[in-house]
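Asker: What follows is a protein structure lacking sequence information:
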């Protein structure tokens with residue numbers, strides 16, 4: 001079993017269910033055992049446990065504090 005998923009402050013995530021306002025995009029405001037997220041459609045704040053949050057996230061859309069992804073196509077070796 002893998003460890004907990006990595007989330008960072010400011011990440012924008014797409015949730016499995018849509019909010020009653022019609023948006024499925026949320027901003028992560030607090031990370032830890034509990035997550036605080038804000039709906040990007042109406043601004044509603046929700047606090048939920050990590051386990052429930054990780055199951056509800058469909059996709060991480062990015063964020064300002066997310067480290068850059070390594071591109072496997074570039075490789076790690078030096079150029080010839």
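Answerer: Done, it's in. Remember, predicted model here, so these are calculated numbers, not experimental data.

Asker: Please verify my assumption that residue 36 contacts residue 44.
Answerer: No - Residue 36 is beyond contact range of residue 44, at 11.3 Å (criterion: C-beta atoms under 8 Å). All C-beta spots, glycine's among them, are computed from the backbone N, C-alpha and C.

Asker: Counting neighbours, what do you get for the residue nearest to residue 18 when sequence neighbours are not counted?
Answerer: Nearest residue to residue 18, sequence neighbours excluded (C-beta to C-beta, 6 or more residues apart in numbering): residue 24, at 4.5 Å. Close neighbours of residue 24, defined as other C-beta atoms under 10 Å, add up to 17.

Asker: Next, residue 24: phi, psi?
Answerer: Note on residue 24: backbone dihedrals following degrees, to the nearest 10 are phi -120, psi 10.

Asker: My understanding was that it contacts residue 17; is that so?
Answerer: Yes - using C-beta under 8 Å, residue 24 is in contact with residue 17, at 7.3 Å.

Asker: now residue 55, what's its secondary structure?
Answerer: For residue 55, the assignment made with DSSP: H, G, I helix; E, B strand; the rest coil gives helix.

Asker: Relative to residue 67, how far out is it?
Answerer: Residue 55 sits 24 Å away from residue 67, taking C-beta to C-beta, to the nearest Å as the criterion.

Asker: One more: residue 58?
Answerer: Going from residue 58 to residue 67 by C-beta to C-beta gives 21 Å.

Asker: follow-up on the earlier one: so what's the residue nearest to residue 18 up against?
Answerer: Residues counted as contacts of residue 24 (C-beta atoms under 8 Å, 6 or more residues apart in numbering) are 14, 15, 16, 17, 18, 58.
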